[in-house]
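Enquirer: sequence unavailable; structure follows:
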């Protein structure tokens, strides 16, 4: 059995490793255009956060990890076309025949509105563009970041103490709207205003980016106004990387590759994973595009299980994220209330609480929590967490509860540990000493 | 409806609050012998840990929290007897009639072997004994702690930098054996030896404690040797507090009160909760004594649901703990391997791994994990975690998985967040760069 995987980021790598684990005698060949595998798309933010000292550390694995597992690597290799009739991948370094083919070419940052201005905006999802962007950013005193989703906010946050003037331009009415409801996010948005170098402009759609030369600056034009900055970074939503050899495959209206529940495309024996496809969303009957690393890993491993025979269906996913932005920990799983109104087929209710994180000592350690539940069944549909204390691991408990369709009551009576420094037994109780939930500084 | 609850620690308090929430028009009366409710039994450790500045801060709630919820408080009140025929509680401050009675008098530290030496050993579970013990400990240069379970180890850990010579005497072959297997605990036990002031003696059963006067010191005699110290603290397993008015009730062989699945005792309308009873243990067909604060809360709230009519049965519990001992975070849930051999009715397998806690940056952040699963079904029965990094919240994800009877595969493919600073996608993979699991310093 010859398994060929095109694309060596999270999806491709985890598919290759799982395939080798399940079918030790199969040949598993991983093709990637980069010389070096495993670059982290958030490398630039990790650098400015001082988590890493150079972009060369922004790798989640080494080639030898794959070689040691018996995966054949074809790096620095560009796929030019695929002959689906004869099961052959044609590349710059020769042809590879396959019994099963996995497409894992991932996503790219692009804005359809700015397609004529690409030479002037920076991207940073792959190592080459990140290295160039890093050089430009180090020389810039003012930066416009287009898009205040998770990627844009993480980049802005990593630059918050850098003394650069930051302009965040978001086309929607508030940042991070995929993962958080407006009402939940208020204390964070208030806090964001305390950073003198950072200005967030919502409902600003960038129409044009133009170089002004000399001086070497850029003019960003939105539907409302113009901004002059040294550098413009694109951090808008990613889209599936579109390549010619996808033309033979059936696509959804959002340009993702259509797959069945086993992640097989319209051509039998050809699978697609990660940022190329839509996934079913837990709590709804929808399939939507959710390009997250965790989903790339999950679909990569599931795909591996289906390569020899179609074994396991993709089950609805709980979209779970956790991040650290502007000195706040923020995490979310499942549906926001906004999403639940749109996609959940029954009425929902929600509640925001401020919970104390310990029963003694530093009383100011609190966490803001929003829970969205089905009004009738009380099954948890989603949760949002925010704190100045490190609470990210807590979101995984909520995520598992959403996945297992627990009711809020079942969730609360779970068998969790009690330790007065780290827990507060009154947290779910109605007599909880609740401060004014919206006014309270976390 | 008159509900009377005897005992105002975690079980009684949470039962009272839940009862008031469920039956707003019922009268809920909470009787306690202390003047002030809500003392934390680990107050002494919190004090020496510098989490609190005085034992007066070691309270998990205030009387006004209960009063605000509409609970009637009868403090500084000692129950002398109970007339079960006429539904009457006779106390030092008058008689209280009830329709439903909840017994929540909790547990006490005592060692049957040392029953003649009580005047000479310190205990600290209630505020009066804790205050006396604190005074004695502050004047002591050497301390013997009898019992190296969670309570004894937490006290020893809180004193680790206090310059007192600490002698820990444990009758079993290693400390914390309720929650951790011997093989899992090895790196911690090795680390424990690096504290010059602390000496752990295992397999030492204390036979006698005798005052030597003058000087005001104590001689502790075990089956092996004698120790001379300034102070002796008892931190052995707690037992149900035994009082005369339990005589009319049926008991188990371990002196716990016998209850049915609704937590009702042998007398209809009389319930028992918390540290007075046994609970069914998840993954087994056993009922055992598991005196934990989390179980007191859980049984208190469940009992409240059953007060008007028997509504909800106690389901098997996953025993979950998390603690910080000698600069290590330690957490456990479900069955240890040792327990699984004894109580689980099918073969089990286990595995110890060393997992990296982030994909980038400080590579030395690792967590030691032991998972115990059913050999045939692969359902997770228990987990043990250890790290120098704060990982306690992670045990709740495992606990929920054990409770929901997830297989190890279902657990691993859960929808958790990915963030390279806080997670490592290769952690469950077989190519994980595993150091020598037992040798590695965490």
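Expert: Sure, I can see it. Everything numeric in this text was worked out from a predicted model, so none of it was measured.
Enquirer: let me see the ranges of the helices in chain A.
Expert: Assigned by DSSP state H, chain A shows helices spanning A:10-22, A:43-48, A:63-68, A:127-138, A:150-158, A:182-192, A:293-305, A:337-343, A:394-403, A:408-412.
Enquirer: any bit of the fourth one sitting next to chain B?
Expert: No - contact between helix A:127-138 and chain B is absent, the nearest approach being 13.7 Å (criterion: Cβ under 8 Å from any Cβ of the partner chain). C-beta here means a position set from N, CA and C on the backbone, and glycine is covered the same way.
Enquirer: now for that helix, which elements pack on it?
Expert: With contacts defined as 3 or more Cβ pairs under 8 Å, 6 or more residues apart in numbering or on different chains; DSSP states H and E, helix A:127-138 has these neighbours: helix A:43-48, strand A:231-234.
Enquirer: same list (the helices of chain A) but as JSON lines, adding mean pLDDT and mean neighbour count.
Expert: Converted to JSON lines, the helices of chain A look like this (pLDDT from 0 to 100; neighbours: other Cβ atoms under 10 Å in any protein chain shown):
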{"stretch": "helix A:10-22", "mean pLDDT": "96", "mean neighbour count": "25"}
{"stretch": "helix A:43-48", "mean pLDDT": "96", "mean neighbour count": "25"}
{"stretch": "helix A:63-68", "mean pLDDT": "93", "mean neighbour count": "16"}
{"stretch": "helix A:127-138", "mean pLDDT": "94", "mean neighbour count": "17"}
{"stretch": "helix A:150-158", "mean pLDDT": "97", "mean neighbour count": "24"}
{"stretch": "helix A:182-192", "mean pLDDT": "97", "mean neighbour count": "18"}
{"stretch": "helix A:293-305", "mean pLDDT": "97", "mean neighbour count": "26"}
{"stretch": "helix A:337-343", "mean pLDDT": "96", "mean neighbour count": "18"}
{"stretch": "helix A:394-403", "mean pLDDT": "97", "mean neighbour count": "26"}
{"stretch": "helix A:408-412", "mean pLDDT": "93", "mean neighbour count": "18"}
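Enquirer: can I get those helices in a markdown table with distance to residue B:32?
Expert: Formatted as a markdown table, the helices of chain A follow (distance: least, Cβ to Cβ, whole Å):
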| stretch | distance to residue B:32 |
| --- | --- |
| helix A:10-22 | 56 |
| helix A:43-48 | 53 |
| helix A:63-68 | 59 |
| helix A:127-138 | 62 |
| helix A:150-158 | 49 |
| helix A:182-192 | 38 |
| helix A:293-305 | 48 |
| helix A:337-343 | 42 |
| helix A:394-403 | 32 |
| helix A:408-412 | 25 |
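Enquirer: one step back: out of the helices and strands packed on helix A:127-138, nearest to chain B?
Expert: Among the helices and strands packed on helix A:127-138, the nearest to chain B by Cβ to the nearest Cβ is helix A:43-48 (5.9 Å).
Enquirer: who touches the closest one?
Expert: Helix A:43-48 is contacted by residues A:40, A:52-55, A:57-58, A:124, A:127, A:130, A:133-134, A:137, A:151, A:154-155, A:157-159, A:162, B:360-361, B:420-421 when judged by Cβ atoms under 8 Å, 6 or more residues apart in numbering or on different chains.
Enquirer: next: stretch A:408-418.
Expert: By Cβ under 8 Å, 6+ apart, stretch A:408-418 touches A:371, A:373, A:378, A:380, A:397-398, A:401, A:406, A:423, A:425, A:428, B:282, B:292-294, B:297-298, B:301-302, B:317-322, B:331, B:333, B:392, B:395-396, B:399-400, B:402-403.
Enquirer: residue A:392 and residue B:394 touch, don't they?
Expert: No - judged on Cβ atoms under 8 Å, residue A:392 makes no contact with residue B:394 at a distance of 10.4 Å.
Enquirer: where does the stretch 51-200 of chain A have low pLDDT?
Expert: Under the criterion pLDDT under 70, the flagged ranges of the stretch 51-200 of chain A are A:111-118.
Enquirer: residues of it that sit close to chain B?
Expert: Checking the stretch 51-200 of chain A against chain B by Cβ under 8 Å from any Cβ, the hits are A:51-52, A:57-61, A:65-66, A:68-69.
Enquirer: and with 6 Å instead?
Expert: Residues of the stretch 51-200 of chain A lying near chain B by Cβ under 6 Å from any Cβ of the partner chain: A:51-52, A:60, A:65, A:69.
Enquirer: one more: the stretch 251-400 of chain A?
Expert: So the stretch 251-400 of chain A meets chain B at A:293-294, A:297, A:317-318, A:320-323, A:359-361, A:392-397, A:399-400 (Cβ under 6 Å from any Cβ).
Enquirer: sorry, back to before: ok, which of the helices of chain A comes nearest residue A:99?
Expert: helix A:10-22 (11.6 Å; Cβ to Cβ).
Enquirer: gap between the closest one and the chain center?
Expert: In terms of Cα atoms, centre = their mean, to the nearest Å, the centre of helix A:10-22 is set 20 Å apart from its chain centre.
Enquirer: next one: stretch A:145-155
Expert: 11 Å.
Enquirer: could you list every residue that touches the closest residue to residue A:220 other than its chain neighbours?
Expert: Distance criterion Cβ to Cβ, 6 or more residues apart in numbering or on different chains; nearest residue to residue A:220, sequence neighbours excluded, is residue A:227 at 4.5 Å. Remark: with contacts taken as Cβ atoms under 6 Å, 6 or more residues apart in numbering or on different chains, residue A:227 is in contact with A:144, A:167, A:220.
Enquirer: cheers, nothing more for now.
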